[in-house]
Structure formats: structure tokens, C-alpha cells
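Asks: coords please:
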Amino acid sequence: MQLTVWTYEGPPHVGAMRVATGMEGLHYVLHAPQGDTYADLLFTMIERRDRRPPVTYTTFSARDLGGDTAELFKTAARNAYDRFQPQAMIVGASCTGSLIQDDPGGLARALNLPIPVVTVDLPAYQRKENWGAAETFYQLVRALAGPSAPAPGTKRADRAKSARPCCNLLGPTALGFRHRDDITEISSLLTKLGIDVNVTAPMGATPADIARLGDADFNVVLYPEIAGQAASWLQRTFGQPFTRTIPIGVSATREFVEEVAKLAGADAAGVLASSSTRLPWYSRSVDSTYLTGKRVFIFGDATHAVAAARIAADELGFKVVGLGTYSREFGREIREAAKRYDVEPLITDDYLEVEARVAELQPELVLGTQMERHIAKRLGVPCAVISAPVHVQDFPARYAPQMGFEGANVIFDTWVHPLMMGLEEHLLAMFKDDFEFKDGAVPSHLGAGLAAPADELLAAPVAPHGTPAAVSDISVIWAADAEKELRKIPFFVRGKARRNTERFANETGVATITIETLYDAKAHYAR
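Replies: Numbering: from 1, shown residues only. The predicted structure is shown next:
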């Protein structure tokens, strides 16, 4: 176990909470100490949910450890059933609660509650949040859909010719990155193909809905980290095939439409012909020469990271210089993707390793989680969020899917927004000598007296966004004319130019950086 300031994933019981919170009519009784109730804030504060998660905590304290904590759990479970009247209940222990070994599953069964009670035994110190969500969903599917499973070896009956094909959407949970809007987008796409959605789970499903998952013809797996295990079991048990293509990006969405149409026996031509994404044309249009070759570093959960790398390289013309994930269970997928882009895969849950790799590679854009957003901000690199974990601003009020054709539009806008586009760069170069466009200049309508003296601005070291930065720890001196010339470089790449020049000066033994040194460094790194 590692003590850290930030973490990409919480303990596995948080994953179970994501499943329970996304569903309706399910209650989670968690054997946990008082401090573990912090997890409620993930849903009410970050995801902006209008009600608490359906979780009852035993909230034992230190004084309870000398008494009967098992009876404390039984009382909490009995009271939760009486108060909330759920259709089903899941029970388990948090990382701290598991240490006292009270067996929540056995205790709950002893109560003989008149509803299904599913035990989620999660190894708190070996696994993490996404695994916990996947295991919880798998156990729920087995327990609730299992009783209606056909006998082993039974051939699945063919769908009636007059019946429309139907599928299940598997994987979306509470606290997922744009899961709410992805459901809407993919459901709309399936409707256009003439395919009905039988059940969407876990998000929005009831235990009764889980019980009828076997009625669908096939399953659409939106998030393999959550639904892969359950989909495999449904395929073995009910003979339901499931999709492998994740519809993030234009090319992947087109492949997904073709895959789903084949499973359903539908015609994909109409949907493919009427796709309304603007990404392909926008990426080839006025700023294409500016986007092409942009160096990008990508890190997140495996599903979004692999999809982002494909979009970046194949649809926007970026150069992928780094690719990684914190999802160790999907390390193989990341390694295979990294081979395609000829980069070294980074598989770690230590944000300090990620920061070191970003600093080493010096990308021009970072695509990652909220962790990478903070890292990129410190390093002065543009960033866009593509994956959980995310903060409150990544649960927008607007419709903003990542999947499907509309998701491709959202991705283009999101990724391009933090970059300085070609026309804007041209205007910066055109007006860089204008008296009102210099760093530190205040708009004329606010009065000239508010601006900092020019000599103070010229003396201050320059950060990437035009704000004074800490003096570099590299032992070189900038000549006044070189410092002035540096200020002519657009602010969004100025920090990188300063770092490269200082590194060049150190490597070549130059003690004072002149204008000639500045341009020698530029030529050196342009090779």
C-alpha cells in the first residue's frame, strides 16, 4: 500500500458504490468505520447528484471494536431494509472494515431478508476501484440473471422474424466520464439502425432489469473495464455475443455501426451515409497544417487512452509521443497500442511517474485525467481531459458525449480549444510590436496607470502564459537583447523556448545566452 497525495482510483468498495448509485432499487450495506463516509461527497459534490448514494454504513468506531461489531452490521442491514425497502441488497466491507473479518455476507444471509442479498467480497488491499465496479456488476448479473439461464448446452432460440432486434448496453455507472451522455448518443444510434435497447446497466437499471438481461439478442459493451467480465459470462451462459469496438472517434464509430448491424442483421448503409460529424472536414480544413505533427501525450483509463491515441494519430494528424494507463488489468491493450505508435508504454498509478514522463517528452498537448490537467498546468502545457478520474467541471450541464458521431464533434472542440490555432498565432505575430499587445499591457479603457513598467517586465523571467515565473535554476545568464528577443516568441511556446535554449547553453558550455545562442538552439531542436 502506498501513501499518496493523489490517486487515480479509490479502493474497490468505491467501485461497488458507483454501481449501486447508478442503479435504482438497489441498496449497499457497507461495514465501514466513521471516516469512510467521505465517499458520499464523490457523488453529491463532484457528480452533482441531487441525493445521497443508496449506501448504509455501519460506522463503527474504536470503542466498538471491543464489542460485538457483527451485531452492529446485522442491525444496520435490518434497518436499511426496513427504511428503504430495496428490491435487492449488496453487502460488503471497506478496506478498514475487512480487517475485523466479520463476514458481511454470512451475517446478511442469517437475517433471512425477503429480497436477494448479494455479497461483494472485494480484496481491498490488492485491487482498486474499476476492478471493484466490474466485480460488483458481475456478481449482480450472476445472482439476478442466473436463475433464468438455460441449461448448459442449450442452443439459443432464433429471434422471431417479426420481432425487432434488441441489445443490452453494458458498463455505464455513476461517476463515469460522460457516461450519461454516451448512453443517449449510442441509444440514438441503435434506434436509427432499427435496434431496441432491452436494458442499460448498471446505470438506470433495477434488479428486475438485471434479471432480464438474457432476453436480449446481444450485448453492447461500452466500457470494458466495468462490463467485460459480465459480458463474457452472459455470452457463455445465454449465448449472447458482445461488441468489441468502442465507438469513440469517427473511424471507431463507423466500425461499431457495422459490427452492431452485423450482429443484428440490420443494414448500416443509411446510418453511415447520414453521419453528421464535422471532425473529418474540420481537421483537414484551414488549420490542418497547424494540427499536423502536434506532439501529444495521452494517459487515462485503457479504453479512453487507446481510443484517444487512434483519434489523435489517424483523425487529427497529431504525433503520439507518449501513451499510458493506470489500469494495470488492461496493460496488454496499452502495450499493443504503444507498439503501433512506436512509443514506450507507461503503466503506473503513480502520478509522479506520469509527471516525470510529461516533463521528459515535452509534448505540445496533454490528454489525460484531472491529474494530468494539474501536471500540465504546472509545466505550462495545454491539456484536455479525456478520462476519469475527473473533477466537477467535467460533469457539464450541456450534452457532451464522447461516443458516437456527436461525441467526435465534442472531442474535436475539447482537444483543439486549449491549443493556439494557426490564425490566432498569425495575429499574435502580426501585432506583437503593438504597444497595447505587449505582455503586461492593460486594455486602454482601463487606463495606462495600471500597467507594470516596461523595464520591470523585461527584467522578469517569463512563464509560458506571459506571467512572471521563478528564476530558472539553470546556471546561465540571459543577455538583455536575448531576453527581449525571447519576448517576441508567442507566449504559448515561450516557456518551452526558454527551457530548450537554457538546456542547449548548458550542453554547449555557453555561460551567457545571446541572440545568436537563442537561434542556434532553435536550429538545433528543429532538426
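Asks: how about the helix or strand hosting Leu189: buried residues?
Replies: With elements taken from DSSP states H and E, the one containing Leu189 is helix 179-192. Using 16 or more other CB atoms under 10 Å as the test for burial, helix 179-192 gives His179, Arg180, Asp181, Asp182, Ile183, Glu185, Ile186, Ser187, Leu189, Leu190. The C-beta positions use only the backbone N, C-alpha and C, and glycine is treated the same way.
Asks: got the contact list for Phe299?
Replies: Going by CB atoms under 8 Å, 6 or more residues apart in numbering, Phe299 touches 305, 322-326, 346, 354, 366-369, 372, 387.
Asks: if you set the cut-off to 10 Å instead, what comes out?
Replies: 8, 305, 308, 322-326, 334, 346, 348, 351, 354, 357-358, 366-369, 371-372, 375, 386-387 (CB atoms under 10 Å, 6 or more residues apart in numbering).
Asks: Make a markdown table from the buried residues of helix 179-192 and add pLDDT to it.
Replies: Below are those laid out as a markdown table (pLDDT from 0 to 100):
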| residue | pLDDT |
| --- | --- |
| His179 | 97 |
| Arg180 | 96 |
| Asp181 | 97 |
| Asp182 | 98 |
| Ile183 | 98 |
| Glu185 | 97 |
| Ile186 | 98 |
| Ser187 | 97 |
| Leu189 | 96 |
| Leu190 | 97 |
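Asks: TSV please, covering these and showing distance to Gln362.
Replies: Formatted as TSV, the buried residues of helix 179-192 follow (distance: CB to CB, whole Å):
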residue	distance to Gln362
His179	33
Arg180	36
Asp181	33
Asp182	33
Ile183	38
Glu185	35
Ile186	37
Ser187	41
Leu189	39
Leu190	43
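Asks: Out of the residues you listed, which comes closest to Pro202?
Replies: Comparing these against Pro202 with CB to CB places His179 closest, at 9.8 Å.
Asks: How much space separates that closest one from Asn79?
Replies: Separation of His179 from Asn79 (CB to CB, to the nearest Å): 31 Å.
Asks: Next: Asp217.
Replies: 42 Å.
Asks: Which residue of the two possesses the greater neighbour count?
Replies: Taking other CB atoms under 10 Å, Asp217 and Asn79 do not tie; Asp217 has more neighbours (22 against 12).
Asks: backbone phi and psi for Cys383, please?
Replies: Torsion angles at Cys383 (phi, psi; degrees, to the nearest 10) stand at phi -150, psi 150.
Asks: Can you tell me who it pairs with across the strands?
Replies: Val366 (DSSP bridges).
Asks: what about it, how many neighbours?
Replies: 23.
Asks: Could you check the pLDDT of it?
Replies: What the model reports as pLDDT for Cys383 is 95.
Asks: what helices or strands is the helix holding Leu189 leaning on?
Replies: If you count contacts as 3 or more CB pairs under 10 Å, 6 or more residues apart in numbering; DSSP states H and E, helix 179-192 packs onto helix 12-22, strand 166-170, strand 196-201, strand 218-221, helix 250-264, helix 269-273, helix 404-416.
Asks: repeat that for 7 Å
Replies: strand 166-170, strand 196-201, helix 404-416 (3 or more CB pairs under 7 Å, 6 or more residues apart in numbering; DSSP states H and E).
Asks: mind listing the strands for this structure?
Replies: 26-31, 55-57, 88-93, 117-119, 166-170, 196-201, 218-221, 295-300, 319-325, 345-347, 365-368, 383-385, 477-478, 512-513 (DSSP state E).
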